[in-house]
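Chemist: This is the structure alone, sequence omitted:
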């Protein structure tokens, strides 16, 4: 487990208290029931921005706190525990693209607005049914971008898109030439297919040829932090259930076979935490980011998949019902597992890294 300083402990505790009291899973149920395409609470997101969470990785000169990626991960982990629906992860990733690849003018224009929550940004990369950043067909001609992006997260609430084209990353503001078609996934969050039809685009030209990979690694690590929070919550809820559920006149937690299963999950969770925190610390140190991101997301995929399955199974048939929250974690898990690299894609990537 990462060693936190006093400020990081305070940030984590604040995020935990807010998520528990102000954004429990019942709030997600309300958002789901509303049917709004944005699929998040604007007032709740404004509260997050007021607490400074949008600016954790943004430099102080642009309105942020420059508190580092480990700190950002602590917040995201706590929000993951309660399935808080917000564009915080994608907004942070988009901000990182500007920090890495933007010029001084672009940073001054967008970063303060992202840090304050005045605008929301997201990342639009994939064009097929699965994650594959090597297959980008979107093009830019005379400053106009054309192409289609599939399953863009948090698209409906975004004011700004960081879009991958064949020759790099570009800014596109929502407006004429940007059309969204909602895509309903199992997690009931905002996803859309976006068509860019000759829309004005501003290139992020300062990040070098690996800018897209660098930004995606940040998306992988921060998504893994959300998955860590989800896995921890599923484990805790399932353990509590086993301690109070009685069958055959015995508490389920007294059965040795179930104790062994929970012990295995506990070990998996510890390994996942090590990988995710290692990824966040790699971002803060600037060393070995690509490998750390690949490992973090691969472990997050593996462990959350296992724990979410076991959580349902150990709850029994009632775990499949809408009455219990446990099923929401499995549905969100399946979407996040496919985001920014499935396990097989990530393993192929790591094998390629290891070959040179």
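Modeler: Cool, got the structure. In this text the structure is predicted, and so the values were computed from the model without any measurement.
Chemist: Show me the beta-bridge partners of the nearest residue to residue 167 once chain neighbours are set aside.
Modeler: Counting by CB to CB, 6 or more residues apart in numbering, the nearest residue to residue 167 once its immediate chain neighbours are dropped is residue 140, at 6.7 Å. In this view, the C-beta of every residue, glycine as well, is placed from N, C-alpha and C. Per DSSP bridges, the residues bridged to residue 140 are residue 145.
Chemist: Break down the chain into its helices, ranges please.
Modeler: With helices called from DSSP state H, the chain shows them at 6-22, 25-34, 42-50, 69-81, 88-101, 104-116, 211-244, 256-285, 289-315, 326-338, 343-354.
Chemist: So which residue is smack in the middle of this structure?
Modeler: By CA atoms, centre = their mean, the chain has its centre lying nearest to residue 223, at 3.1 Å.
Chemist: follow-up on the earlier one: for the helices of the chain, give me TSV that also has mean pLDDT.
Modeler: Listed next are those as TSV, based on pLDDT from 0 to 100:
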stretch	mean pLDDT
helix 6-22	97
helix 25-34	96
helix 42-50	97
helix 69-81	98
helix 88-101	98
helix 104-116	97
helix 211-244	97
helix 256-285	97
helix 289-315	97
helix 326-338	97
helix 343-354	92
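Chemist: looking at these, which is buried most?
Modeler: helix 69-81 (a mean of 27; mean count of other CB atoms under 10 Å).
Chemist: if we can go back for a sec, what distance do you get for the residue nearest to the centre of the chain to residue 35?
Modeler: Distance, residue 223 to residue 35, by CB to CB, to the nearest Å: 25 Å.
Chemist: Then residue 58?
Modeler: 33 Å.
Chemist: which one of those two has more residues nearby?
Modeler: residue 58 (27 against 8; other CB atoms under 10 Å).
Chemist: Return the backbone torsion pair for that one.
Modeler: phi -90, psi 140 (degrees, to the nearest 10).
Chemist: right, and it touches residue 68 too?
Modeler: No - when contacts are counted by CB atoms under 8 Å, residue 58 is not listed as touching residue 68 (11.0 Å).
Chemist: Which residue, other than its chain neighbours, is closest to residue 79?
Modeler: Going by CB to CB, 6+ apart, residue 79 has residue 19 as its nearest residue, at 5.5 Å.
Chemist: swap in residue 218?
Modeler: Closest to residue 218 by CB to CB, 6+ apart is residue 96, at 4.8 Å.
Chemist: and the one you found, what is it in contact with?
Modeler: 57, 215, 218 (CB atoms under 8 Å, 6 or more residues apart in numbering).
Chemist: The last one against residue 283, yeah?
Modeler: Yes - counting by CB under 8 Å, residue 218 does reach residue 283; the two are 6.5 Å apart.
Chemist: Mutual contacts of these two, please.
Modeler: Contacts common to residue 218 and residue 283, judged by CB under 8 Å, 6+ apart, are residue 69.
Chemist: For the nearest residue to residue 16 once chain neighbours are set aside, give me its contacts.
Modeler: Distance criterion CB to CB, 6+ apart; nearest residue to residue 16, sequence neighbours excluded, is residue 78 at 4.7 Å. Neighbouring residues of residue 78 by CB under 8 Å, 6+ apart: 12, 15-16, 18-19, 229.
Chemist: Let's have those in a markdown table, adding distance to residue 171.
Modeler: Formatted as a markdown table, those follow (distance: CB to CB, whole Å):
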| residue | distance to residue 171 |
| --- | --- |
| 12 | 32 |
| 15 | 29 |
| 16 | 34 |
| 18 | 31 |
| 19 | 31 |
| 229 | 30 |
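Chemist: State the pair within these that is farthest apart.
Modeler: Across these, the longest distance by CB to CB is 13.4 Å; it joins 18 and 229.
Chemist: From residue 306, how far out is the residue nearest to the centre of the chain?
Modeler: From residue 223 to residue 306 the distance is 17 Å (CB to CB).
Chemist: same question, residue 313
Modeler: Taking CB to CB, one finds residue 313 at 11 Å from residue 306.
Chemist: same deal with residue 13?
Modeler: Between residue 13 and residue 306 the distance is 29 Å, computed by CB to CB.
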